[in-house]
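K.L.:
Model the following, please.
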Amino acid sequence: MIRLNGYPFLHKEEYSFGVSVGEVMQKDLMVMTSGQRLDEIDQILLEKNYQGFPVVKNKESMILVGYIGRSELKYVIDKAKRIHGISNDAQCFFNLEGANSNIDGNDISQSSSSFIDFGSFIDETPMSVHPRLPLETVVDLFRKMGPRVILIEYIGKLVGLITVKDVLKYIAKREEAEELETIIPDASQTSYSDDDGLELVSRNSRKQGLSLLEMGRLQTSEDS
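P.N.:
The predicted model follows:
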């Protein structure tokens, strides 16, 4: 994996994968949704080093609402705790309308100790693509647009996401598989007969240890 200033970097060369982004995307997603408790979000931020999180209507429908960055989450939480003394069991909301509070930290309703709304910090138009989009096209989007993450959306529902690291891991895995194909011999040529015609020995077995013939000769030597 090539890194530039500590960040993953994609070559400018042309790639031809022959697969869709849906075959490479992350499917086990960590998402934000209204109704989570503040201590749950704090724990996620502590355990996960993700730079942001998709926001969905609920985990059952997975209807995509938007995307919120890690720094925005931490900023709002830290300010609410410091200035307004919000409790750890406070309910968290991700309402685009921002009906529950003005979350710039300057004005929070009287219920501020029991809930917090991140709505005004949500990116309502994150970059998203169809799962059948060719992976080559996604690579071009990363190069030209420079997003941290691209969400995979199907009929309004979040089905996955992909990062530059995911693409680089796929490239490395693919190149490793291609290299192994050049190293492993053809199965039709994996056996031979020794000079004495005593036995056939797999070449793969010889690579892993003593052949049956060699083991037999050692046994004969020990018996004598």
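K.L.:
all helices in the chain, in order from the N-terminus.
P.N.:
Counting by DSSP state H, the chain has helices at residues 38-47, 70-84, 135-145, 164-183, 203-208, 212-223.
K.L.:
Of all those, which one is nearest Glu97?
P.N.:
Nearest to Glu97, of all these, is helix 70-84, at 16.5 Å by C-beta to C-beta. For glycine as for every other residue, the C-beta is placed from the backbone atoms N, C-alpha and C.
K.L.:
hey, what's the residue nearest to Ser61 when sequence neighbours are not counted bridged with?
P.N.:
In this structure, Ser61 finds its nearest non-sequential neighbour in Lys157, 7.0 Å apart by C-beta to C-beta, 6 or more residues apart in numbering. Note on Lys157: beta-bridge partners by DSSP bridges are Ile63, Tyr154.
K.L.:
give me every residue that touches Met145.
P.N.:
When contacts are counted by C-beta atoms under 8 Å, 6 or more residues apart in numbering, Met145 touches Met127.
K.L.:
Tell me the spacing between it and Lys57.
P.N.:
Met145 sits 26 Å away from Lys57, going by C-beta to C-beta, to the nearest Å.
K.L.:
Glu181 now?
P.N.:
Distance from Glu181 to Lys57, by C-beta to C-beta: 45 Å.
K.L.:
So between the two, which is more surrounded?
P.N.:
Between Glu181 and Lys57, counting by other C-beta atoms under 10 Å, Lys57 is the more crowded of the two (16 against 8).
K.L.:
can I assume that one is in contact with Gly35?
P.N.:
No. Contact between Lys57 and Gly35 fails when scored by C-beta atoms under 8 Å: they sit 10.5 Å apart.
K.L.:
which residues do these two both contact?
P.N.:
The contact sets of Lys57 and Gly35 do not overlap (C-beta under 8 Å, 6+ apart).
K.L.:
which residues touch stretch 147-167?
P.N.:
7-10, 21-22, 24-27, 29, 31, 51-52, 54, 56, 61-64, 67, 126-131, 135, 138-139, 141-142.
K.L.:
if we go to 7 Å?
P.N.:
Contacts with stretch 147-167, where a contact means C-beta atoms under 7 Å, 6 or more residues apart in numbering, come from 8, 10, 21-22, 24-27, 29, 51-52, 54, 56, 61-64, 67, 126-131, 138-139, 141-142.
K.L.:
which residues of the chain score low on pLDDT?
P.N.:
Where the chain drops to pLDDT under 70, the residues are 1-13, 98-112, 185-224.
K.L.:
picking that back up, export the helices of the chain to a markdown table and tack on distance to Gly119?
P.N.:
Below are those laid out as a markdown table (distance: least, C-beta to C-beta, whole Å):
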| stretch | distance to Gly119 |
| --- | --- |
| helix 38-47 | 14 |
| helix 70-84 | 10 |
| helix 135-145 | 25 |
| helix 164-183 | 29 |
| helix 203-208 | 61 |
| helix 212-223 | 72 |
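K.L.:
just so I know, which of those lies nearest Phe17?
P.N.:
helix 135-145 (4.5 Å).
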